[in-house]
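Q: below: sequence and its predicted model.
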Amino acid sequence: MELQDYLRILRAHWLGVLLLTALGLTAALGWNLLQPRVYTASASGYVSGASLAAETGSPLVGDQLARSKVTSYLDIGSWRAVAEHAIEDLGLSASPESLVGNVTVSNPLDTVVIHVAATAATPESARDLAEAWIRGMTAAIDDIEGTGVAGSAPVTLIPGDSARLPTAPSSPNTTLNLALGGLVGLALGIAYAVMRSVLDSRIREPQDVERNTGASVVGVLPLDHDLDNRREVLSFTGASGNVVRGALTEAIRELRTNLQFMDVDDPPRSIVVTSPLPGDGKSTTAANLAMSLAAAGQRVVLIDGDLRQPVVASLFDLPEGAGLTDILAGRATTGDVVQPVQGSQNLYILASGRVPPNPSEVLGSRRMHDLVASLTEHALVIVDSPPTLLVADAAVLSRVTDGALLVTSAGRTTQEMLQRSLENIAKVNGRLLGVVLNKATRRGRPDYGYAYGSQASAADDRPAFVQR
């Protein structure tokens, strides 16, 4: 996977990533609020051999002895005796062992300074404990190396900088906890998005079709919730005030242009429109593509080749009497049953006619081949067919016509469905003209949001050869 693929995945699942990041921040904030507040105060002491220097008359001797004692005095800082002195000094009820765990004694490198950092539940307690600990260490040193009287040891610890009152708790670290929570949530969100993308085999983008099957996407039709559960033939000869409907109209025009320029020397004259399963929008796509071609000045015959569930006649509010099967059975001629569409001078509808008991054999007959060939001499023929995964009718028609246009539904059609549909067409040596991705979301696609419909006019549907 390339960086562009990860960006596409994050764009597709941005909401999940955002929610998991917010969940990580919330969890970190909740954990932070539940933790007890801990304050830290620091006090300092200076190891001095001044009395020894005065006796020997050599300050250097006192300084060297003080440096040699610092390490030992650090160890004294963790003694129980120091903790007992602090407990008595402050009147605490804590045990010496627990108090030792709240104090850290350190010595900066190459110095005779000792730092004491004490933690407590309140700022005042932390300050008082740090100062009491310094006094306790001084008393312990005087007891060991002196006579027990304050300052009797030749090298002693002199309290230095007094502890300052902490203004903010040292633990928990709210900023750090929130940053870690946000990073963990973001990492989980990215992992969720990648796993969803890997495990989800549904087609959502044109890249999903081209990367996994190698088939070309010749059209992307945006999702229109008004048409999600019903069929409608759009108008390609006037302005539309609906931005979404205008975007769908423009997408159909783009599909029309792609088909016209698919093979400039020998463009397809007969096209079968099919889909993997019912509900993918094949009939609506076929009807609107026929309307768009007719509006561009081409003579078009739309044949309802779905002899199992015909809908083309009802789409155009035409009678569903005689039709395709009557011509193939010799009961009628083309002129008897082809019906013009009101408001269009170039579009004609050939309804399905009576439903036969053997649709696949009828559609694959020699008469069907001859009918399509005769109609293509005067018009461009579009055939609506049943879904290719349910019956073999569409695959049979792909041989009768110049090729098949496979309509898939974004977020519904899976890679397996698409692959099986392509295999069904390839088994009969049919030609795939391309894939149409229907019901594609407009998120992240500025071209879908452009209001073509509000500015379009009948002049936009001039014949293709005079368009810019």
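A: Thanks, I have it.
Q: any regions of this structure where pLDDT drops low?
A: Along the chain, the parts satisfying pLDDT under 70 run over 1, 50-62, 226-230, 238-245, 442-468.
Q: swap the cut-off to 50 and go again
A: For the chain, residues meeting the criterion pLDDT under 50 lie at 241, 444-468.
Q: how's it carved up into domains?
A: With automatic domain parsing as the criterion, the domains of the chain are listed as 3-35+172-197, 39-159, 204-466.
Q: would you list those in a markdown table and tack on mean neighbour count?
A: Every residue, glycine included, has its C-beta placed from N, CA and C. Shown next, in a markdown table, are those (neighbours: other Cβ atoms under 10 Å):
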| stretch | mean neighbour count |
| --- | --- |
| domain 3-35+172-197 | 15 |
| domain 39-159 | 18 |
| domain 204-466 | 19 |
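Q: closest to Pro166 out of those?
A: Closest of the domains of the chain to Pro166 is domain 39-159, at 4.3 Å (criterion: Cβ to Cβ).
Q: quick one: distance of the closest one to the chain centre.
A: With Cα atoms, centre = their mean, to the nearest Å as the basis, domain 39-159 stands 59 Å off its chain's centre.
Q: same deal with stretch 168-177?
A: Relative to its chain's centre, stretch 168-177 lies at 32 Å (Cα atoms, centre = their mean).
Q: contact partners of it?
A: Stretch 168-177 is contacted from outside by Ala28, Leu29, Trp31, Asn32, Gln35, Arg37, Val38, Tyr39, Thr40, Thr119, using Cβ atoms under 8 Å, 6 or more residues apart in numbering.
Q: can you measure across it, start residue to end residue?
A: Separation of the first and last residues of stretch 168-177 by Cα to Cα, to the nearest Å is 16 Å.
Q: and stretch 373-385, by the same measure?
A: Start-to-end span of stretch 373-385 (Cα to Cα) is 17 Å.
Q: distance between that stretch and the chain's centre?
A: 43 Å.
Q: got it, and stretch 304-320?
A: On Cα atoms, centre = their mean, the centre of stretch 304-320 falls 40 Å from that of its chain.
Q: what are the contacting residues of that stretch?
A: Identification of contacts with stretch 304-320 by Cβ under 8 Å, 6+ apart yields 231, 233, 272, 278, 283-284, 286-287, 302-303, 323-325, 339, 341, 349-352, 355-356, 359, 362-363, 383-386, 391, 393, 397.
Q: now stretch 20-30, how far from the centre of its chain.
A: For stretch 20-30 - counting by Cα atoms, centre = their mean - the centre lies 19 Å from the chain centre.
Q: and the helices in the stretch 201-350 of the chain, which stretches?
A: 206-213, 243-260, 282-295, 312-315, 324-328, 334-337 (DSSP state H, counting those that start in this stretch).
Q: can I assume Gly182 is in contact with Ala28?
A: Yes. The pair Gly182 and Ala28 qualifies as a contact (Cβ atoms under 8 Å) at a distance of 7.2 Å.
Q: ok now stretch 151-162, how far from the chain's centre?
A: On Cα atoms, centre = their mean, the centre of stretch 151-162 falls 65 Å from that of its chain.
Q: right, I mislabeled it, should have said stretch 281-295
A: With Cα atoms, centre = their mean, you get 33 Å for stretch 281-295.
Q: swap in stretch 29-48?
A: Using Cα atoms, centre = their mean, the offset of stretch 29-48 from its chain centre is 42 Å.
Q: and that stretch, end to end?
A: When the termini of stretch 29-48 are compared using Cα to Cα, they are 47 Å apart.
Q: next SSE after whatever helix or strand Glu131 lives in?
A: Assigned by DSSP states H and E, Glu131 falls within helix 123-145. Where DSSP H and E defines the elements, the next helix or strand beyond helix 123-145 is strand 156-159.
Q: which neighbouring elements make contact with that following strand?
A: Applying 3 or more Cβ pairs under 8 Å, 6 or more residues apart in numbering; DSSP states H and E, we find strand 156-159 packed against strand 39-48, helix 123-145.
Q: can you list the strands that that strand pairs with?
A: Take DSSP bridges as the rule and strand 156-159 pairs in its sheet with strand 39-48 (antiparallel).
Q: need the helices and strands packed on strand 156-159 in CSV with distance to Ser421, can you?
A: Converted to CSV, the helices and strands packed on strand 156-159 look like this (distance: least, Cβ to Cβ, whole Å):
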stretch, distance to Ser421
strand 39-48, 69
helix 123-145, 73
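Q: what's the closest of those to Ala373?
A: Nearest of the helices and strands packed on strand 156-159 (Cβ to Cβ): strand 39-48, 91.4 Å.
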